[in-house]
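**Q** next input, structure requested:
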Amino acid sequence: MDPNLADLRKNYERAELDESAADSQPLQQFQSWFQQAQQAGVPEPNAMTLATVGADGRPSTRIVLIKGADARGIVWYSNYQSRKGRELALHPVAALQFHWVELERVVRIEGRVEQVDAAESDAYFASRPLESRLGAWASPQSEVISSRAVLVANVARYAAQFALSPPRPPHWGGFRLVPDTWEFWQGRKSRLHDRLRYRLQDGAWLRERLAP
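**A** Reported below is the predicted structural model:
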């Protein structure tokens with residue numbers, strides 16, 4: 001191991017997260033922080049880590065992009081036959097994490113996962129660029145392929161088949177995580193970070209401070 005790795009440190013001194021300033025509802029707190037991340041010019045503030053669990057109990061993570069956030073939950077889109085799609089079909093629970101390095105902030109979200117209804121998936125798919133719609137048909141996501149030429153050939157084939165109007169593939173659509181736990185983390189000096197957790201209890205959000 002590079003001996004310099006152990007010496008990598010950063011002091012977190014940009015902000016604080018106090019109960020008196022935090023919203024009582026986690027969705028509103030998230031929307032506020034997300035807006036601040038956008039205003040601060042954070043690169044891809046919509047990128048989030050998605051963690052799922054396979055049949056063997058082995059966890060896996062990947063980066064996906066948030067496409068919706070409301071009282072129903074957090075939405076993203078993917079291939080239902082991909083590794084994450086198969087794992088969510090088997091274990092429909094997941095964890096999400098946003099890391100806005102420039103603001104020294106992390107948001108963690110946990111809950112059950114459901115598929116978005118077909119009409120909502122259709123509407124989002126229709127809004128995507130043509131290249132992305134063709135890509136959803138062309139890529140057997142998470143499967144082994146012999147070379148990139150397979151993807152190029154698939155795109156050409158589906159472009160010829162669908163022209164400018166590819167429909168949504170039956171194996172592609174939205175997922176929605178319905179939160180039961182949120183955590184907001186703000187870096188603080190001396191590693192005494194601020195952590196506020198919201199957890200659903202009897203239909204209401206209970207807010208708690210966690211030790212760093």
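
**Q** how close does the residue nearest the centre of the chain get to residue 149?
**A** Against the mean C-alpha coordinate of the chain, by Cα atoms, centre = their mean, the closest residue is residue 48 at 3.7 Å. Separation of residue 48 from residue 149 (Cβ to Cβ, to the nearest Å): 32 Å. C-betas here are computed from N, CA, C, even on glycine.

**Q** biggest strand in the protein by residues?
**A** strand 172-186 (DSSP state E).

**Q** let me see the mean pLDDT of the helix or strand that it is followed by.
**A** Note on strand 172-186: by DSSP states H and E, the next helix or strand toward the C-terminus is strand 194-201. The pLDDT scores in strand 194-201 average 97.

**Q** what does strand 194-201 contact?
**A** Identification of contacts with strand 194-201 by Cβ atoms under 8 Å, 6 or more residues apart in numbering yields 16-19, 22, 25-26, 29, 179-186, 188, 205-212.

**Q** which among these count as buried?
**A** The neighbour count (16 or more other Cβ atoms under 10 Å) marks 17, 22, 26, 29, 179, 182-186, 188, 205, 207 as buried among these.

**Q** can you name the two of these that sit furthest apart?
**A** Maximum pairwise distance among those (Cβ to Cβ): 24.5 Å, between 179 and 188.

**Q** just the helices in the protein please.
**A** For the chain, helices defined by DSSP state H occupy the ranges 26-39, 83-90, 118-127, 130-138, 148-162.
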